[in-house]
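**Student:** With the input below, show me the fold.
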Amino acid sequence: MNSNHLSKIQVTTHALIGKIRKYFAISTFYRVFFSPTHISLVVLSRVLYCVLKVQEHSGNAAHVRIVGGYECPKNSVPYQVSLFAGYNYCGGILLSDEWVLSAAHCKSDVEVRLGEHDIWEPENTEQHIMSAEFIHHPDYNPRTQDSDIMLIRLSRTATLNSFVRPVALPSKCASAGSRCLVSGWGNIRPSDDASRYPDKLQCLDIPVLSDDTCFNSYPFQITDNMICAGFLEGGKDSCQGDSGGPLVCDGELQGVVSWGKGCALKNKPGVYTKVCNYVSWIKTTMASG
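**Tutor:** Coordinates of the predicted model:
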C-alpha cells in the first residue's frame, strides 16, 4: 500500500506493545500486525489497561483526548459504535436498530458495542451485539481506499433509547466550511509522539475543507468519493483507532473516518469517505437485507 494511505485503524501491536515497550524495555514492536489471536489481544489489552491505570493513579497521566479534542459529554454521541475484538479496533455508526456503517478496511467478525462512553468500564448504558453480516461496497479498492465503506448487520436488533440512537443520513453533500463533529476512541497523540488510547470517548470539532484544498494536500490520491476535514496548521485530527467512525455535520452523517498521512500533521488533514455519494446504496442494501 502507498505509504501515504495509512488507514486509521487502531493497530493493536503498535498501541499495546509500543506502550509495554515503554515500561518493560521491549526493544522492537510492529506498526501492523494482521493475524493476532483473540486471546493474546485480550491479554495484552488488559495488561496495558492495568499499566495505564497505575500511571494515572501515580499522578503522571496526561489529560486524555482525541488529538487536539476533548472528552465528549457522556452519551452525547448515541450513534457512536465500537467494533470490538478484545480492544476497540474501529469505530462505527448506528443507522438503524439493525444496521451499522463503518469503513471497509476495518476488521470483520467483531462484537458491536453500542451506548459506550468508557470503553472499559460498565456503565449500564451499553448493548453488546455480535455482527451477523458484513457488506463491503462493491467498488471498494483497498489500494486507493476509494469507496472505503461497509454495512454491518447486527445478529439481533438493538434497543433504541437515549443512549443508543441512529444518526440521519445526509439529505445533501456538505459544503466547504461546514462545521462537523468527529468522535472515537483512537490515538490521542500526534504522529511524532508515542501512541496513547483513551478509555473515554473523545470528540473534535473540525471544518470540511474545499475539494481543491483536499486535492492539494494529497495530490492524485483524492477521488470524488472522499472529503477532507480538519486544520491545515495541524494539531487536531482523527487518528489510528478512529477508522470507521462518524463525521457529523448539522446533524447528518457526512463522512466515515478513512485514512490520512500520519495524524494531526501540518497540511495533511484527515480523509473521510463521502457518505452523500452512497445514500442510495446504503438504503437499497438495508432494505434488501
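**Student:** What ranges in the stretch 101-250 of the chain fall below the confidence cut-off?
**Tutor:** 192 (pLDDT under 70).
**Student:** can you pull out the helices in it?
**Tutor:** Along the stretch 101-250 of the chain, the stretches classed as helices by DSSP state H, counting those that start in this stretch are 211-217.
**Student:** ok, the residue nearest to residue 230 when sequence neighbours are not counted - how many residues close by?
**Tutor:** Ranked by C-beta to C-beta, 6 or more residues apart in numbering and with sequence neighbours excluded, the top spatial neighbour of residue 230 is residue 269, at 3.4 Å. Every residue, glycine included, has its C-beta placed from N, CA and C. If you count neighbours by other C-beta atoms under 10 Å, residue 269 ends up with 28.
**Student:** can I assume residue 269 is in contact with residue 216?
**Tutor:** No - if you go by C-beta atoms under 8 Å, residue 269 and residue 216 don't touch, sitting 10.6 Å apart.
**Student:** ok, back up a step: OK, contacts around the residue nearest to residue 230?
**Tutor:** 209, 213-214, 217, 228-232, 237, 260 (C-beta atoms under 8 Å, 6 or more residues apart in numbering).
**Student:** make it 10 Å
**Tutor:** Going by C-beta atoms under 10 Å, 6 or more residues apart in numbering, residue 269 touches 206-209, 213-214, 217-218, 227-232, 234, 236-238, 260-261.
**Student:** can you check residue 232 too?
**Tutor:** Here residue 232 is in contact with 209, 213, 216-217, 265-269 (criterion: C-beta under 10 Å, 6+ apart).
**Student:** Mind doing that once more with 7 Å?
**Tutor:** Contact analysis of residue 232 by C-beta atoms under 7 Å, 6 or more residues apart in numbering lists 266-267, 269.
**Student:** Show me what counts as buried in stretch 258-266.
**Tutor:** 258-265 (16 or more other C-beta atoms under 10 Å).
**Student:** again with stretch 238-253
**Tutor:** So, applying 16+ other C-beta under 10 Å, buried residues of stretch 238-253: 238-249, 252-253.
**Student:** Only the C-alpha atoms, please, for that stretch, written as CSV.
**Tutor:** Extracted C-alpha coordinates of stretch 238-253, given in CSV (Å, rounded to 0.1, in the frame of the first residue of the first chain):
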residue,chain,number,x,y,z
SER,A,238,-8.8,11.8,14.0
CYS,A,239,-6.2,9.1,14.3
GLN,A,240,-5.5,5.4,14.4
GLY,A,241,-8.4,3.6,16.1
ASP,A,242,-11.0,6.2,14.9
SER,A,243,-11.4,4.4,11.5
GLY,A,244,-15.0,3.8,10.6
GLY,A,245,-16.2,6.4,12.9
PRO,A,246,-18.6,9.3,12.2
LEU,A,247,-18.1,12.8,10.8
VAL,A,248,-21.5,14.5,11.5
CYS,A,249,-22.3,18.0,10.2
ASP,A,250,-25.5,19.8,11.1
GLY,A,251,-27.0,16.5,12.5
GLU,A,252,-26.3,14.5,9.3
LEU,A,253,-23.6,11.9,8.7
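**Student:** tell me how far stretch 244-258 is from the chain's mean position?
**Tutor:** Centre-to-centre, stretch 244-258 and its host chain are 10 Å apart (C-alpha atoms, centre = their mean, to the nearest Å).
**Student:** From here on, call the first residue 16.
**Tutor:** OK, 16 is where the count begins now, so the last one is stretch 259-273.
**Student:** so residue 138 makes contact with residue 90?
**Tutor:** No - judged on C-beta atoms under 7 Å, residue 138 makes no contact with residue 90 at a distance of 8.7 Å.
**Student:** more neighbours, the two?
**Tutor:** residue 90 (18 against 12).
**Student:** Can you pull the domain assignment for the protein?
**Tutor:** Split into domains by automatic domain parsing, the chain comes to 21-72, 92-181+293-303, 194-291.
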